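> what's the 3D shape of this:
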Amino acid sequence: MSRRLPSFACPALFTLAAGLAVGALACTAESQPPEAPTPTFDVARSSLARDTSPNATPAELGALAEGNATFAMKLYGLTAAKGDDNAFFSPLSISTALAMAYAGARGDTAAEMEKALEHRLPAARYHVAMNALDLQIAARGRAAKAAGAPPSGKPFALRSVNTTFGQRGVPFESPFLDTLATSYGAGVQLADFKNKPNEERLKINEWVAQQTERRIEDLLAEGTIDPITRLVLVNAIYFNADWATPFEKEATAPAPFTKLDGARAEVPTMRGQLSTGYGEIDGAQVLELPYMGGQVSMVVVLPKGDFRAFESSFDGKGLLSAMAGLKPHTVQISLPKFELKGQSVSLRKSLLALGMTRAFDERSADFSGMLSPAVDKLWISDVLHKAFVRVDEKGTEAAAATAVVLAGTTSLPTDVKTFRADRPFLFFVRDIPTNTAIFAGRMVAP
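Residues are numbered from 1 along each chain as shown. Predicted structure coming up:
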């Protein structure tokens with residue numbers, strides 16, 4: 001019997017898209033609600049167009065892949081490798097949403113983000129490389145289309161969409177808007193968080209749902225958007241593809257599966273023999289399952305011994321090594337069918353643990369590249385992520401979305417005030433009718 005699970009926990013395999021890891025296993029499907037009208041926003045954008053021919057070098061793209069893989073596995077260790085549950089998340093979605101935030105970070109805040117996100121490139125070249133990666137991913141569908149009609153009848157899809165939702169009337173910095181436009185194809189959709197925070201939250205959720213074929217709904221839970229929200233940076237990814245060689249449905253049958261706690265269960269298991277990529281690394285077998293078009297595949301890493309011991313030592317270098325060691329072989333395959341739809345999860349604690357502290361501190365955060373501190377001082381209040389995956393005989397459907405929520409501290413609505421007594425202060429006991437100070441004092445060391 002399947003059960004609803006959180007997005008992060010211990011997975012039994014990794015799905016690889018564009019060289020980035022994604023973990024997964026089993027859950028139940030949910031019915032799709034009727035299509036809602038597309039949310040409408042006014043948009044503020046740079047006058048610059050997207051750079052559709054970024055000059056990222058192979059060396060820069062290699063450095064980007066290395067950094068993204070390292071970040072993926074560090075984040076996995078902090079979020080997914082917990083307890084006995086399944087897991088699924090999109091490092092690419094998280095990296096992309098945070099990359100847009102990084103475009104507006106300055107000083108020590110930017111330096112901490114570079115270290116936490118495992119950047120290997122200078123800021124300007126990093127955005128160029130991220131743009132090149134995003135455009136390459138968008139081109140995958142052309143190769144799949146050339147391969148012919150998929151058996152499932154549903155066309156190949158791999159799309160990553162970026163946008164931002166900003167408080168109406170806030171004068172975001174022009175260089176920030178230029179980077180969003182040229183490297184991420186995004187503008188700022190204007191919202192009224194001050195007066196209608198929940199209504200705007202629902203509109204953002206609906207936008208995400210439509211971009212992900214309704215696989216990701218309610219990314220932003222009630223209360224995540226409030227009157228001091230100034231900017232929400234969003235990435236949404238949707239993937240649907242048939243295997244290059246589908247599994248025969250008739251060959252699927254129940255088979256025993258030993259869970260992490262040692263319990264055994266009978267699970268629907270696909271079977272087949274394929275000529276495909278196979279390799280072995282220290283402590284594990286590695287299998288590649290290509291999708292139609294041959295440009296995207298699933299890579300399964302199967303530890304030979306203790307799962308937790310292998311998991312704790314498997315890092316970004318191990319991931320890249322596993323992929324590099326794949327060679328053509330004939331392989332007899334048994335692979336469980338699975339589906340997982342996780343909850344919306346906060347990444348705040350994990351990113352803090354990676355050293356990204358100033359970005360979440362309203363006193364020390366420096367996002368002056370987005371907005372002049374004279375107008376408002378921005379800081380990240382939360383980073384939220386949600387993902388879905390289904391793997392069956394035909395192929396794989398997956399979706400994920402990430403939202404980086406930035407709040408302001410100085411330009412607050414008139415009905416909300418902040419008083420933080422976090423430094424020495426004076427105090428008085430007053431007689432109100434006579435306005436007399438009966439007692440006076442100071443507090444410098446509570």
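
> who's in contact with Asp315?
70, 73-74 (CB atoms under 8 Å, 6 or more residues apart in numbering). All C-beta spots, glycine's among them, are computed from the backbone N, C-alpha and C.

> mind checking how far it is from Leu64?
As defined by CB to CB, to the nearest Å, Asp315 lies at a distance of 17 Å from Leu64.

> picking that back up, of the contacts of Asp315 - the most surrounded one?
For the contacts of Asp315, counting by other CB atoms under 10 Å, the largest number of neighbours falls to Met73: 24 neighbours.

> number of nearby residues for Lys349?
Counted by other CB under 10 Å, the residues lying close to Lys349 total 11.

> hmm, I was thinking of Ser275
By other CB under 10 Å, 10 other residues sit near Ser275.

> Now it. Nearest residue, chain neighbours left out?
Thr330 (5.2 Å; CB to CB, 6 or more residues apart in numbering).

> pretty sure that neighbour is touching Gln273, no?
Yes - counting by CB atoms under 8 Å, Gln273 is a contact partner of Thr330 at 6.6 Å.

> before we move on, back to that, my guess is the residue nearest to Ser275 is in a strand, correct?
Yes - counting by DSSP: H, G, I helix; E, B strand; the rest coil, Thr330 is part of a strand.

> and it, how many residues sit next to it?
So Thr330, with other CB under 10 Å, has 9 neighbours.

> Flag every buried residue along the helix or strand hosting Thr163.
Assigned by DSSP states H and E, Thr163 belongs to strand 157-167. For strand 157-167, the neighbour count (16 or more other CB atoms under 10 Å) marks 158-167 as buried.

> Repeat that for stretch 102-111.
Judged by neighbour count using 16+ other CB under 10 Å, the buried positions of stretch 102-111 are 102-105, 109-110.

> so how far is it from its chain's centroid?
What separates the centre of stretch 102-111 from the centre of its chain is 19 Å, taken as CA atoms, centre = their mean, to the nearest Å.

> measure it end to end?
End-to-end distance of stretch 102-111: 9 Å, with CA to CA, to the nearest Å as the criterion.

> swap in stretch 384-400?
Chord length of stretch 384-400, first to last residue, is 11 Å (CA to CA).

> so how far is it from its chain's centroid?
13 Å.

> Model confidence score at Ala186, please.
On the pLDDT scale, Ala186 is placed at 94.

> buried sites along the longest strand along the chain?
Scanning the chain for the strand with the most residues, using DSSP state E, yields strand 264-281. Buried residues in strand 264-281, defined by neighbour count with 16+ other CB under 10 Å: 267, 269-272, 274, 276-279, 281.

> If we only consider those, which is nearest to Ser53?
Nearest to Ser53 among the buried residues of strand 264-281 is Gly277, at 31.0 Å by CB to CB.

> ok, which stretches of the protein are helices?
For the chain, the helices defined by DSSP state H occupy 58-79, 91-102, 107-116, 123-138, 140-146, 174-184, 197-211, 307-313, 316-324, 348-353.

> any chance of those in a markdown table, with distance to Asp218 too?
Shown next, in a markdown table, are these (distance: least, CB to CB, whole Å):
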| stretch | distance to Asp218 |
| --- | --- |
| helix 58-79 | 19 |
| helix 91-102 | 16 |
| helix 107-116 | 27 |
| helix 123-138 | 25 |
| helix 140-146 | 28 |
| helix 174-184 | 24 |
| helix 197-211 | 6 |
| helix 307-313 | 30 |
| helix 316-324 | 31 |
| helix 348-353 | 18 |
